[in-house]
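A.B. asks: prediction below, plus the sequence it came from.
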Amino acid sequence: MPAQLLSQLRFLQPLLPMKPRTLPLLSRSFFFPSSKFLRNAPFRPRAFSARRDSLPLRPAKSLVDDEADLSDWVDDLRSSRPDPFASRFDDHQREFRPPRKSDRVSSLGKRRGEGLRRGRQGSVGGGARRKFQPRSDDEGDFGGRKLKRGGVGDFLSEDDDDDEDEESEVDEDEDGESEVEEILNKSRTALFGQQSGFDRRTAETVPRPSSPGGSDSYLSETRFDQCSISPLSLKGVKDAGYEKMTIVQEATLPVILKGKDVLAKAKTGTGKTVAFLLPSIEAVAKSPPIDRDHRRPPILVLVICPTRELASQAAAEANKLLKYHPAIGVQVVIGGTRLALEQKRMQANPCQILVATPGRLRDHIENTAGFATRLMGVKVLVLDEADHLLDMGFRKDIEKIIAAVPKQRQSLMFSATIPEEVRQVCHIALRRDHEFINTVQEGTEETHSQVRQKHLVAPLDKHFSLLYVLLKDHIADDIDYKVLVFCTTAMVTRLVADLLSELKLNVREIHSRKPQSYRTRVSDEFRKSKGLILVTSDVSARGVDYPDVTLVIQVSALANLGSRHPRMVGLPSDREQYIHRLGRTGRKGKEGQGILLLAPWEDFFLHSVKDLPIEKGSVPSVDPDTKKKVEKALSHVEMKNKEAAYQAWLGYYNSNKKVGRDKYRLVELANEFSRSMGLDNPPAIPKLVLGKMGLRNIPGLRAK
Ligand SMILES: Nc1ncnc2c1ncn2[C@@H]1O[C@H](COP(=O)(O)OP(=O)(O)OP(=O)(O)O)[C@@H](O)[C@H]1O
């Protein structure tokens, strides 16, 4: 495009960027003559009410048709007041990659699972229009992903897992490091001025602890009142007990406040939630107030979290920060409750900030009247645990959601792990000129140094006794113990919880097979308690902020293995899940411990975490009395729970590329697991199920 033409464009749209390097992209995005372009011009504002009234209120199917009109409408709305987030015509540079064939294939498994579940509700098939059908499960969270792998093995594996079996080495991003430094330097000057007392720091010192190794090493030296946030937000921050920013908050806040798209990586438990919520709240605070009588008040900030627990937690944090913003409302839509209830709640209390899990959000887009229109007001889109949300289990939902919000918006993606593959696909949500802010120094570990990590490799049939011994030892060491035990599937989680209860330990369980009300209650209890063990599937792996967890035990690290998808597409691997699970301890600079318990045939996992400081631990001895005690406790565990655990275990590892490749070996291992539960004979499995798992006629299995 000739530069002359650009200057004409600039005349029409003063917000156009002038940088020559943007020309080719602009020329792709603008077509002439363009009535749409003219409609976007700020000097032709339309009366807001007239525009609103003329908008046809159609449900989701019409969303795509209406998107352009709705975008215009939102633009008009924005142009009525100065908006710091509006002047971003480089939006055109964002590229939306249409789903590849591989995406469709690999998401089929999940959809098929959904189809099974929806089938029960009378609406089979992704293409079928669903009308206000309440869904009892939470597709948006791990629990809802239980059927995602597509085979019966997946069906049996039932939950809570990602899929990947390739080893992953997360590259530290050198560009990212230098970008951070540049950003910090610029933003310190811009936001805190020369008086702020900040040193110019080198890239390596971005996450410099104010007291090395101390309990506040996650904090920066910058106070919230040194940055340009509104007095009402500041009051909220203060009441929440936050004075200094954490490292990630210091690094990202100025950039986000400037309206940039951000991809941020920071260690677990270092305040990423506030880092994206606070500037999002500022965006709402700066927006024109919404008319109380508005029939479809726009949602201005949309936060997406992978699990219900995490979404509820983010909404609670938002409410804390909003204490002095009475006009700004937060709502959470997470599944596990009746859709109609959420619809009523949203109607009764319209909000500007919506926190959601992906599946339930899609349900609302497709089934809640006027919801699609409200989403067209979104100015800030946040993907929390972004790498996980971009994996194939969620990808379709995320793409659908992104298609339902305006192209002209700010997008923020946060996670403690951002594998290179995710950086490659992050443009699904982010503009090309986004900032990658990596507060994990190059050459340092992605886990916290104050968390002692060890791995134990022991035969599977010893795992139950060992788990008991490890827990008893820890309880004896720390009267204020608070332990998370991660298991592979919901049914195995239930079995382990049953066993530990039989052994008179103070135990709770949480997984996708539990009703949401129970999950919420247990989660709240564990948050507040000490002297408690929570046995959990991966619903608790990411983001959940339980304070003062003293120990995390991971029984098997293969939770994320079993991919039917190529590594290319940005799946978080078992390495990432290990980091997130471990990250439930050692939060806010506190100390903690992590134990990884592996069977000998699982030790290949160690290769993928060889750069993490995981010591080889010596396997504790199990005395004969303890062994007997555990066996007796196992004999009291209900048979049906053992059968379900066996079936789930078999299905789970059957889907695992490495373990499930050799079916004969798989069955041997499954039967070892069965024996470890005290069963002489492995439970029988329906023939149909075995056939679908590709396990018919494999010696060692019992069919019924
Ligand atoms: N500036 C601050 N000062 C003190 N505490 C803070 C600050 N910001 C956040 N926190 C607290 O730090 C804890 C961890 O925050 P948060 O859950 O957002 O961590 P995270 O980085 O998102 O962790 P994860 O990677 O596990 O999701 C929370 O209890 C939060 O209230």
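C.D. replies: Thanks, I have the structure now.
A.B. asks: tell me the bridge partners for the residue lying closest to Gly617 once chain neighbours are set aside.
C.D. replies: The spatially closest residue to Gly617, leaving aside those adjacent along the chain, is Lys454, at 3.6 Å (CB to CB, 6 or more residues apart in numbering). Where C-beta positions appear, they are placed from N, C-alpha and C, glycine not excepted. Bridge pairing for Lys454 (DSSP bridges) gives the partners Ile595, Glu615.
A.B. asks: so Lys454 touches Leu612, yeah?
C.D. replies: No - with contact defined as CB atoms under 8 Å, Lys454 does not reach Leu612; the gap is 11.2 Å.
A.B. asks: picking that back up, pull the number of nearby residues for the residue nearest to Gly617.
C.D. replies: Neighbour count of Lys454, defined by other CB atoms under 10 Å: 15.
A.B. asks: could you number the chain from 30 rather than 1 from now on?
C.D. replies: All right, first residue 30 from here; so that's Lys483.
A.B. asks: ok, now which ones touch it?
C.D. replies: Residues counted as contacts of Lys483 (CB atoms under 8 Å, 6 or more residues apart in numbering) are Gly623, Ile624, Leu625, Ile643, Glu644, Lys645, Gly646.
A.B. asks: what is the nearest of those residues to the ligand?
C.D. replies: Gly623 (13.7 Å; CB to the nearest ligand atom).
A.B. asks: close to the ligand: what parts of the stretch 330-479 of the chain are there?
C.D. replies: For the stretch 330-479 of the chain, the residues in contact with the ligand (CB under 6 Å from any ligand atom) are Ala445.
A.B. asks: can you map out the strands along the stretch 330-479 of the chain?
C.D. replies: With DSSP state E, counting those that start in this stretch as the criterion, the stretch 330-479 of the chain has strands at 330-333, 359-362, 382-385, 409-413, 439-444, 464-467.
A.B. asks: just the CA atoms of the fourth one, as CSV, please.
C.D. replies: Output of strand 409-413 as CSV, limited to C-alpha atoms (Å, rounded to 0.1, in the frame of the first residue of the first chain):
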residue,chain,number,x,y,z
VAL,A,409,-10.5,-7.3,27.9
LEU,A,410,-10.3,-11.1,27.5
VAL,A,411,-8.2,-13.0,30.0
LEU,A,412,-7.1,-16.6,29.6
ASP,A,413,-5.9,-17.8,33.0
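A.B. asks: contacting residues around it?
C.D. replies: 114, 301-302, 305, 308-309, 312, 329-335, 339, 343, 418-419, 427, 431, 434, 438-444, 458, 572.
A.B. asks: is it true that Leu485 lies in a strand?
C.D. replies: Yes - under DSSP: H, G, I helix; E, B strand; the rest coil, Leu485 falls within a strand.
A.B. asks: test my guess that it contacts Gly646.
C.D. replies: Yes - applying CB under 8 Å, one finds Leu485 in contact with Gly646, separated by 4.8 Å.
A.B. asks: now the common contact residues for these two.
C.D. replies: Joint contacts of Leu485 and Gly646 (CB under 8 Å, 6+ apart) are Ile624.
A.B. asks: tell me the contacts of Asp709?
C.D. replies: With CB under 8 Å, 6+ apart, Asp709 has no contacts at all.
A.B. asks: separation between Glu531 and Thr366?
C.D. replies: Distance, Glu531 to Thr366, by CB to CB, to the nearest Å: 32 Å.
A.B. asks: I misspoke; the intended subject was Asp322.
C.D. replies: For Asp322 relative to Thr366 (CB to CB), the value is 28 Å.
A.B. asks: of those two, which one has the most company?
C.D. replies: Higher neighbour count among Asp322 and Thr366: Thr366, with 21 against 6, using other CB under 10 Å.
A.B. asks: can you report how many residues neighbour the spatially closest residue to that one that is not a sequence neighbour?
C.D. replies: Once flanking residues are discounted, Thr366 sits nearest to Gln545: 6.2 Å by CB to CB, 6+ apart. Neighbour count of Gln545, defined by other CB under 10 Å: 20.
A.B. asks: next one: phi and psi at Gln545?
C.D. replies: phi -60, psi -40 (degrees, to the nearest 10).
A.B. asks: pLDDT score for it?
C.D. replies: pLDDT for Gln545: 88.
A.B. asks: pretty sure it contacts Val361?
C.D. replies: No - counting by CB under 8 Å, Gln545 sits too far from Val361 to count as a contact (11.7 Å).
A.B. asks: return the residues of the protein in contact with the ligand.
C.D. replies: So the chain meets the ligand at 271, 273-275, 278, 295, 297-303, 445, 572, 574, 612, 616-617 (CB under 6 Å from any ligand atom).
A.B. asks: 5 Å instead, please
C.D. replies: Residues of the chain lying close to the ligand by CB under 5 Å from any ligand atom are 271, 275, 297-303, 445, 572, 574, 612, 617.
A.B. asks: any chance of JSON lines for those, columns pLDDT and distance to Lys716?
C.D. replies: Converted to JSON lines, the residues of the chain next to the ligand look like this (pLDDT from 0 to 100; distance: CB to CB, whole Å):
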{"residue": "Tyr271", "pLDDT": "97", "distance to Lys716": "59"}
{"residue": "Thr275", "pLDDT": "97", "distance to Lys716": "56"}
{"residue": "Thr297", "pLDDT": "96", "distance to Lys716": "45"}
{"residue": "Gly298", "pLDDT": "95", "distance to Lys716": "48"}
{"residue": "Thr299", "pLDDT": "96", "distance to Lys716": "51"}
{"residue": "Gly300", "pLDDT": "97", "distance to Lys716": "53"}
{"residue": "Lys301", "pLDDT": "97", "distance to Lys716": "48"}
{"residue": "Thr302", "pLDDT": "98", "distance to Lys716": "48"}
{"residue": "Val303", "pLDDT": "98", "distance to Lys716": "54"}
{"residue": "Ala445", "pLDDT": "95", "distance to Lys716": "44"}
{"residue": "Gly572", "pLDDT": "94", "distance to Lys716": "41"}
{"residue": "Asp574", "pLDDT": "96", "distance to Lys716": "46"}
{"residue": "Gly612", "pLDDT": "96", "distance to Lys716": "43"}
{"residue": "Lys617", "pLDDT": "92", "distance to Lys716": "53"}
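A.B. asks: looking at those residues, spot the one nearest Val407.
C.D. replies: Nearest to Val407 among the residues of the chain next to the ligand is Thr302, at 18.8 Å by CB to CB.
A.B. asks: can I assume the closest one sits in a strand?
C.D. replies: No - looking at Thr302 with three-state DSSP, it is helix, so not inside a strand.
A.B. asks: how many neighbours does the nearest residue to it once chain neighbours are set aside have?
C.D. replies: Among residues not flanking Thr302 along the chain, Glu346 sits closest, at 5.0 Å (CB to CB, 6+ apart). By other CB under 10 Å, 19 other residues sit near Glu346.
A.B. asks: count the residues that sit near Leu532.
C.D. replies: Leu532: 20 neighbours (other CB under 10 Å).
A.B. asks: one step back: looking at the residues of the chain next to the ligand, which are in helices?
C.D. replies: Lys301, Thr302, Val303 (DSSP state H).
A.B. asks: how about the first one: what's its closest non-neighbour residue?
C.D. replies: What that stands for is Lys301. Nearest to Lys301 is Phe443, by CB to CB, 6+ apart, at 4.5 Å.
A.B. asks: do Tyr682 as well
C.D. replies: Leaving aside its chain neighbours, Tyr682 sits nearest to Val688 (4.5 Å; criterion: CB to CB, 6+ apart).
A.B. asks: how near is that neighbour to the ligand?
C.D. replies: 28 Å (CB to the nearest ligand atom, to the nearest Å).
A.B. asks: using the three-state scheme, assign that residue.
C.D. replies: Per three-state DSSP, Val688 ends up coil.
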